[in-house]
Structures are given as C-alpha cells and as structure tokens.
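Undergrad: structure for the following, please:
(chains A and B, ligands or ions: 1)
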Amino acid sequence: MKFYRSHILVCGGTGCSSSGAGALIDRFNEQLKLHALDQEVGVVKTGCFGLCEAGPVVIVYPEGTFYSRVRPEDVDLIVSEHMLKGRIVRKLVYHHETEEPAGQSLNDVEFYKHQTRLALRNCGVIDPEQIDEYIAFDGYKALARALTEMSPQQVIDVLKESGLRGRGGGGFPTGLKWQFCRNSPGEKKYVICNADEGDPGAFMDRSVLEGDPNAVLEAMALCGYAIGSDEGYIYVRAEYPIAVRRLEIAIRQAREYGLLGNGILGTEFNFDIHIRLGAGAFVCGEETALMTSIEGHRGEPNPKPPFPAQQGLFGLPSNINNVETFANIPQILLNGADWFRSMGTRRSPGTKVFALGGKINNTGLVEVAMGTPLRKVIYDIGGGIPKGKRFKAVQTGGPSGGCIPESLIDVPIEYDSLIEIGSMMGSGGMIVMDEDNCMVDIARFFLEFTVDESCGKCTPCRVGTRRMLEILDRIVSGKGEEGDLEQLEILAESINDTALCGLGQTAPNPVLSTIKYFREEYEAHIRDKRCPARHCKELLHLEITDKCRGCTACFRVCPVGAITGQPRARHAIDTSKCIKCESCIEKCHFGAIIKV
Amino acid sequence: MKSISELEQIRQRTLDRLNQRLEDRSDEVRVVVGMGTCGIAAGARAVMMAFMTECTLRKLSHVTVSQTGCIGMCRFEPMADVFLPGQEKVTYVNLDGDKARRIVTDHIVNGNPVTEYVITSQLGSAGKEEDQ
Ligand SMILES: Cc1cc2nc3c(=O)[nH]c(=O)nc-3n(C[C@H](O)[C@H](O)[C@H](O)COP(=O)(O)O)c2cc1C
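TA: Residues are numbered from 1 along each chain as shown, chains lettered A, B, ... in the order given. All right, here's what the predicted structure looks like:
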C-alpha cells in the first residue's frame, strides 16, 4: 500500500453524489497533480458521513478538517492553501472547535502554583543559546547599571542588604564574602564559580547552566567589578557536557557583544571568563580543593585559614560562589534589596531550588520561597508518595545532611532551622523515603559514598569513616553488637572535630540523624536481628504461604532452583539456596510469597 | 557593544519578536522544546527533529522551532510549549516523534490542541500512576 502523508476523504454517499461530489474527486486529483502533491496526498471516496444536508462533504486527514458545501472551484483553494501550505481554509470549515482550550496554562498546574521562580526564572523560557533572548528579559541590564551608575562598594552594599546567603551549602552571607575579597590587598584577584555539583541527586546547578548560562556570566562580571577582578573561572564537571557547551556558546556570544572582554559597555572595566573541567570528584566541590584542582594539582583540600578571600587561586585573593548564588544576583541588583527580602524569611531571604527525588510522584526541580514547610514541597508540589505508601523521612543536604522524620515535616525550610534539627540545606538535594526504606541502610549508603569520595589526605576522614562503615555493614548483615551505636557516636564526634575539610566533618551526619530519629530501627537490627522495613536481605527470608495455588510460576522464574513443589500444591522455598532476588514475588499472581 | 542604548535596542528587538506570539501581530507560531539534560535523555532530540521535519514537509514557514532548558518537571520530559498567535501557550508532555507530528497537524495547522498530550490532562492521573 502506498504511504500518504494526508488523505482527502470525499463523501460518495447518495446525498453528496447528487450535490456534485463526483466532480470534486476528479478536480482534487487534477489539482494535486498540478502541485506535484499526488504522491503525498491520497484521495478517497467514502461512504455517507450522515451530514448530507451540508454536502458535498470533504474531510482532510490526519487533521480531521471538516469542509462542507464544497464546490468544484473550492477544490483549488483547498489544495493550494491546505495541502500545499498547511493552512486550513476556514471559510469552508463546517464545524470548528469553538470552545477555548481551558486550563492549559502552566500557571494553573499545582506543581507551579506554589513555586517562586527566581534563580530558575529563565529556565524553560528562553533559548539558552541565544544571548539576545537573555537580554530581552533584562539580561545584562544589572551589569550595565552597575558599571555606569554604581560604585563597586554600592554593589556590595545592595548584596549585603539583600541578605543573600550562599546556595552552595554553607549559607555564608554573599555580600560579606565579597566585602572580604574587596578589602583584601592585591592587584590581581579571581572570581570563581563553583559548578562542581557533586551531591548525588542534585542537579539544579546543571539546569541553571543549561537553561540560563548568561545569568551566571553576568553575575560573575558584577562580582569582578565589585571586588576588583578581571578574570573568572567556572569549574564545571565534565559529566555535564550540555552545560559546558552552552556555557561556551554563551561566553562566545558575550565576547562578540563586548559584554565580556576589554572595555565592557564602553567603560574601563575588563573581565573575561575561562572554563575548567572537573573530573567529578565530590571533594573538588569543596572550595580549597577546587582551587587546587584549577591550578592543575590533585584535588585535595587545604586548611582554612587562610580563606580564599585572602589567599585563594594561585595564592591570590579569590571569591568563590555557587552557580545558584550567582544566578540570583543580577535580579537583586535590578530590583533592589527590599524586593529580595520580601521573599523568604528574615534569616534566609529569597528562594531555594530543590531537586526532588526518591519516593515521590513529581520528581523534578522546584524553587520555593525560603520558609516553605517541607510538607508543602513534598505533598502540594511533589504530589505525595506513590502507590499509597506511607511517608517515612526526607533526606536533605546529600551526604553531608541528615534525615528528617515525619514528626518534623512542618519545619520551615531555612538554613538555620534545618541545622537545628540535625540536617542541613546543602546544595538542595531532597530525597524522599517511604515505609520500604530501611534507615540503617540509607545511612550506610551515604557513608559508603563519602568513604569512596574521601581524598585520603587526613586520617579522621580516611580511616574514621571507614571504621564507621564497617560497623554499619555488620549491623545490616545481622552481626550487630551491643555498644555499636555508642561506638558510632564516639567516632562521629571525633571525625567531626578533627577532619580537615567539610567532607569529613559532615560525613557522620546521615548516621547521627538516623540514630537520633530512628534509634529503634537500629536496635531491631542489632538485638532482634530484624529489619522493620524488610529491606536488609541478610535479615529476612522468603516464605510461601497457604495462598499458594501451585501454579509453578515461581518455580519457573527462580534462577537458583530454590523452589520445590508439585503443580496444584503449595510450593516451598529452600532458604539455604535462596538468594532473595525476589523474582518469585514479582511473578506470583496470588501474593502468596512474603518476606519475613 | 559600546553603550547601554545598544543593549536596550537588542532587548526591544528581541522582546518584540518573542512577544508577537501574545499580540496577534503576526501569524508566527513558536514551538519550544525542552532540551535540558533531562529532556535530551528522554528523547527530546527526536521530538525536535519531528517538529522540524514535519513543518518543513508541510512547508509551514511561519513556524519556528527553538529550544530551552529544563523547566523542572523532568518526569514529564520530553516537553514542548506551543505558542499560537494571540493565544496562551499550550504545554505538551511525554512527547515522542509521532505525538509531535500529530501536534503539528492538529494544533498548529488545524487550531485544535491535542488535549490528551496537554500537561493538565496528564497531571490528573499523576498520583495513581505506577512509578518505577
Ligand atoms: C565536600 C564538599 C563538597 C562541596 N561541593 C560543593 C558543590 O558541589 N557545589 C558548591 O557550590 N559548593 C560545594 N561545596 C561548598 C563550597 O566549599 C563553598 O562553600 C561554596 O562553593 C561557596 O559558595 P556559596 O557561598 O555561593 O554557597 C562543597 C563543600 C564541601 C565540604
């Protein structure tokens, strides 16, 4: 059969034939050939459509356009307009959808209703590879205004008044950080953008760089003007190829427009930006390790002080900020400190972007005003927990953060309130857990990550975290002993006190917070050799109950031949052979196999 | 660029172009495909190509297909916004090449949004959906 992109259906029913449909078919074929469309469009004579009163009737598919009272001379128009140019001949359309499509705007969607999009305002709106589109939405206006109307100190003053705090995790006041660097003596200074984003599950920085790279460039130039620097570096992980490419395009276009380079916007101010690719080590997100890595050395942290503002990149005063921190800055300068303070809370003004993941319906990126309760993010925006399961905890702050139990889910999201309850803001990863997650195993998972990522420079982190992991490994495999929890707490405290950098200092947090809020779960593993969430494989075995009908489905799927039994009789599992892969549970139609 | 007035000119010029979709001043149709990492991983390139080829095939020279970054609803990618002159934008989700082609024919050519691909109609069932 021939493949046509379109079909013209001409009614060949009695009614239409008598009102002249036969002539239409010939005319269509003739006109299509004339426009060389006869290979693309097929003409079909059909049965009666039942609208004989409006005949002759012609329908064009796949659009489904319904033309009525078509006369032979209309055919030429339909072919030249609709078939050739894709425009419907409206005057011939019989019945056109009249009702307006309702409620299709994104603003009506629950997911967006509760959000305040500031750092993400352009993401998903502009074409990131067209600097013009960024400019259209007030891009580079803040830079222009600062260069022509404000002194560097005034720029810093606005930032200080705004109360903006670093979005990279620590929450240090940005204006103050810039002030330190500005006050630091030196001819040559550097601006650094931390786009390492090593927190597993977080991807807000990547989205900003991919969706609105110019916002970061503009803010870096503003920083250069404020602290007296003419050179910037963006340290971005090589695993983000699209972000890197869009940054390169943005830098090139900004240079072409003279928004980077020498004599920006006709002023004396010079500023240019380089990209450095990171190999994806978590520790390279730590600012001193990051600078060591830019210098071409192995990415290992250094003790602070000296702080970067005194002795940073290449030993010179440097200011380092996170991608999201930068993305906020141009708008703060345009709209003023009061505008920024009108969002969020007194201690944490503005918004924060979170990467929602784990057991939640709407995984994705959300930006909410600071102070929004966790519950709102998880239920109203995130759409709650899938499959009707119960919420158990939410992990914030990644490997440095902690787990927040259900009893604290109404806590407002702020730097300080999260620290008070034993977690932290971190870069904004938010992993939701339901009743099936074992909290001991979650703690073990995060600790395993930090053990892997420890650079090994200092002993507390290199050896201490490994000792903690060994204890956790024992607990989840049913070999936990009395005193393990106390041992974990002692180790955690000394690692926190003595590790060289933030990676080690915060590594015990996931363990401490789960011991604090889910102690009984640890105790069940240690004392009763039982995993309440039925997750830890070594602490459970599979059993076939009397719901079994003997259908043999489990027998056939078991990869190790652990299931025995006759057809139509209850089967059994040989626990010495069973590897607990749970394929039998998935296969069983009767819910007869359970974990105990 | 040597002055702020030049910056302002670019701003006005681009804004005018982008705003045409709102003001019915032209018949330009804009299709904006989400091309963040999430979108691309979910198949946005194929969707973008489908929009472009279908529009070329149908000689729809008044349609521009462009890209944008992640809008946050990564689980609904590939996504695309369709702007028809004088109308609110329509956001489509979970697209593939075939759906893109149908949007060109039904919505852009014919003026009937394909409701079943529109975000609001898909969100209603979000809670019940079996997530993996
Ligand atoms: C182990 C570790 C990893 C870090 N990773 C990142 C990161 O990926 N991105 C980031 O912006 N900051 C990261 N930080 C925080 C930085 O050291 C630094 O505080 C931040 O870049 C400062 O920017 P801000 O003031 O704008 O938040 C990390 C810190 C530690 C201790």
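Undergrad: model confidence over stretch A:290-305, on average?
TA: Averaged across stretch A:290-305, pLDDT comes to 95.
Undergrad: show me what that stretch is in contact with.
TA: Judged by C-beta atoms under 8 Å, 6 or more residues apart in numbering or on different chains, the contacts made with stretch A:290-305 from elsewhere in the structure are A:192, A:194, A:196, A:233, A:235, A:276, A:278-279, A:281, A:283-284, A:286, A:288-289, A:308, A:312-314, A:318, A:320, A:455, A:457, A:500-501, A:503. Using the backbone N, CA and C atoms, a C-beta is placed for each residue, glycine as well.
Undergrad: let me know the pLDDT of residue 96.
TA: Since you didn't name a chain, this refers to chain A. At A:His96, the predicted lDDT confidence score is 37.
Undergrad: oops, chain B please
TA: The pLDDT attached to B:Asp96 in the predicted structure is 96.
Undergrad: got any ranges where the chain has weak pLDDT?
TA: Went with chain A since none was named. Confidence mapping of chain A against pLDDT under 70 gives the ranges A:1-2, A:12-15, A:47-53, A:94-109.
Undergrad: wait, chain B was what I had in mind.
TA: Where chain B drops into low confidence, which here means pLDDT under 70, it does so at B:19-26, B:121-132.
Undergrad: which parts of it are helices?
TA: Counting by DSSP state H, chain B has these helices, from start to end: B:4-23, B:37-42, B:44-57, B:97-103, B:119-123.
Undergrad: list the buried ones in stretch A:484-502?
TA: By neighbour count, and taking 16 or more other C-beta atoms under 10 Å in any protein chain shown as the criterion, the buried residues in stretch A:484-502 are A:484-485, A:488, A:491-492, A:495-496, A:499-502.
Undergrad: can you tell me which residues contact A:Val60?
TA: Contact analysis of A:Val60 by C-beta under 8 Å, 6+ apart lists A:6-9, A:67, A:78, A:82-83.
Undergrad: re the thing from before, closest one to A:Val208 among the helices of chain B?
TA: Within the helices of chain B, the stretch nearest A:Val208 is helix B:37-42; the backing value is 12.1 Å (C-beta to C-beta).
Undergrad: please save the CA atoms from that closest one in PDB.
TA: Coordinates of each C-alpha in helix B:37-42 appear next as PDB, following Å, rounded to 0.1, in the frame of the first residue of the first chain:
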ATOM      1  CA  THR B  37      19.900  17.000  30.000                       C
ATOM      2  CA  CYS B  38      16.600  15.500  31.300                       C
ATOM      3  CA  GLY B  39      14.800  16.300  28.100                       C
ATOM      4  CA  ILE B  40      17.500  15.100  25.800                       C
ATOM      5  CA  ALA B  41      17.900  11.900  27.900                       C
ATOM      6  CA  ALA B  42      14.200  11.300  27.500                       C
END
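Undergrad: distance from that helix to the middle of the chain?
TA: When distances are taken as C-alpha atoms, centre = their mean, to the nearest Å, helix B:37-42 is centred 15 Å away from the chain's centroid.
Undergrad: who are the packing partners of that helix?
TA: Helix B:37-42 makes packing contacts with helix A:204-211, helix A:241-256 when contacts are defined by 3 or more C-beta pairs under 8 Å, 6 or more residues apart in numbering or on different chains; DSSP states H and E.
Undergrad: ranking the ones you listed by burial, who's on top?
TA: Stretch with highest mean neighbour count among the helices and strands packed on helix B:37-42: helix A:204-211 (a mean of 29; mean count of other C-beta atoms under 10 Å in any protein chain shown).
Undergrad: quick one: the helices of chain B as JSON lines, columns for distance to A:Leu143 and mean neighbour count too.
TA: Putting the helices of chain B into JSON lines (distance: least, C-beta to C-beta, whole Å; neighbours: other C-beta atoms under 10 Å in any protein chain shown) gives the following:
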{"stretch": "helix B:4-23", "distance to A:Leu143": "9", "mean neighbour count": "15"}
{"stretch": "helix B:37-42", "distance to A:Leu143": "28", "mean neighbour count": "22"}
{"stretch": "helix B:44-57", "distance to A:Leu143": "31", "mean neighbour count": "19"}
{"stretch": "helix B:97-103", "distance to A:Leu143": "38", "mean neighbour count": "19"}
{"stretch": "helix B:119-123", "distance to A:Leu143": "35", "mean neighbour count": "18"}
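Undergrad: circling back to that earlier point, got the helices and strands packed on helix B:37-42 as CSV, with distance to A:Gly344 columns?
TA: Putting the helices and strands packed on helix B:37-42 into CSV (distance: least, C-beta to C-beta, whole Å) gives the following:
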stretch, distance to A:Gly344
helix A:204-211, 16
helix A:241-256, 27
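Undergrad: can you tell which of the ones you listed is closest to chain B?
TA: When those are compared for distance to chain B using C-beta to the nearest C-beta, the nearest one is helix A:204-211, at 2.1 Å.
Undergrad: report whether the closest one contacts chain B.
TA: Yes: contact between helix A:204-211 and chain B is present through A:206-207, A:210-211 (criterion: C-beta under 8 Å from any C-beta of the partner chain).
Undergrad: now these in TSV, with distance to B:Lys2?
TA: Written out in TSV, the entries for these read as follows (distance: C-beta to C-beta, whole Å):
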residue	distance to B:Lys2
A:Arg206	34
A:Ser207	33
A:Glu210	30
A:Gly211	29
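Undergrad: out of the residues you listed, which one sits closest to the ligand?
TA: Closest approach to the ligand among the residues of helix A:204-211 next to chain B (C-beta to the nearest ligand atom): A:Arg206, at 10.7 Å.
Undergrad: ok, that closest one to A:Glu218 distance?
TA: Distance of A:Arg206 to A:Glu218, given as C-beta to C-beta, to the nearest Å: 19 Å.
Undergrad: what's opposite the residue in the stretch 401-550 of chain A that chain B sits nearest to in the beta bridge?
TA: The minimum distance from the stretch 401-550 of chain A to chain B, using C-beta to the nearest C-beta, falls at A:Asp434 (11.3 Å). Listed by DSSP bridges, the beta-bridge partners for A:Asp434 are A:Phe391.
Undergrad: near it, how many other residues are there?
TA: Burial of A:Asp434 is recorded as 18 neighbouring residues (other C-beta atoms under 10 Å in any protein chain shown).
Undergrad: mind checking how far it is from A:Ala393?
TA: 9 Å.
Undergrad: likewise for A:Gln253?
TA: Here the criterion is C-beta to C-beta. By it, A:Gln253 lies 45 Å from A:Ala393.
Undergrad: what of A:Thr465?
TA: For A:Thr465, the distance to A:Ala393 (C-beta to C-beta) stands at 22 Å.
Undergrad: about what we covered before: of the helices of chain B, which approaches A:Gln331 most closely?
TA: Closest approach to A:Gln331 among the helices of chain B is made by helix B:4-23 (15.2 Å; C-beta to C-beta).
Undergrad: what does the closest one rub up against?
TA: Residues outside helix B:4-23 that contact it (C-beta under 8 Å, 6+ apart) are A:130, A:132-133, A:135-141, A:144, A:148, A:257, A:265, B:1, B:26, B:28-30, B:83-86, B:89.
Undergrad: give me the buried entries from the residues you listed.
TA: Restricting the contacts of helix B:4-23 to buried positions leaves A:130, A:132-133, A:135-141, A:144, A:257, A:265, B:1, B:29-30, B:83-85, B:89, with burial counted as 16+ other C-beta under 10 Å.
Undergrad: let me see the contact set for the closest residue to A:Lys141 other than its chain neighbours.
TA: By the measure of C-beta to C-beta, 6 or more residues apart in numbering or on different chains, the closest residue to A:Lys141 outside its immediate chain neighbours is A:Leu334, 6.0 Å from it. A:Leu334 sits next to A:138, A:141-142, A:145 when contact means C-beta under 8 Å, 6+ apart.
Undergrad: how about the closest residue in space to A:Glu324 that isn't next to it in sequence, secondary structure?
TA: Nearest residue to A:Glu324, sequence neighbours excluded (C-beta to C-beta, 6+ apart): A:Arg167, at 3.8 Å. Reduced to three states with DSSP: H, G, I helix; E, B strand; the rest coil, the structure at A:Arg167 is coil.
Undergrad: ok, A:Arg167 - how many residues close by?
TA: The tally of other residues near A:Arg167 (other C-beta under 10 Å) stands at 29.
Undergrad: with that, I have no additional questions.
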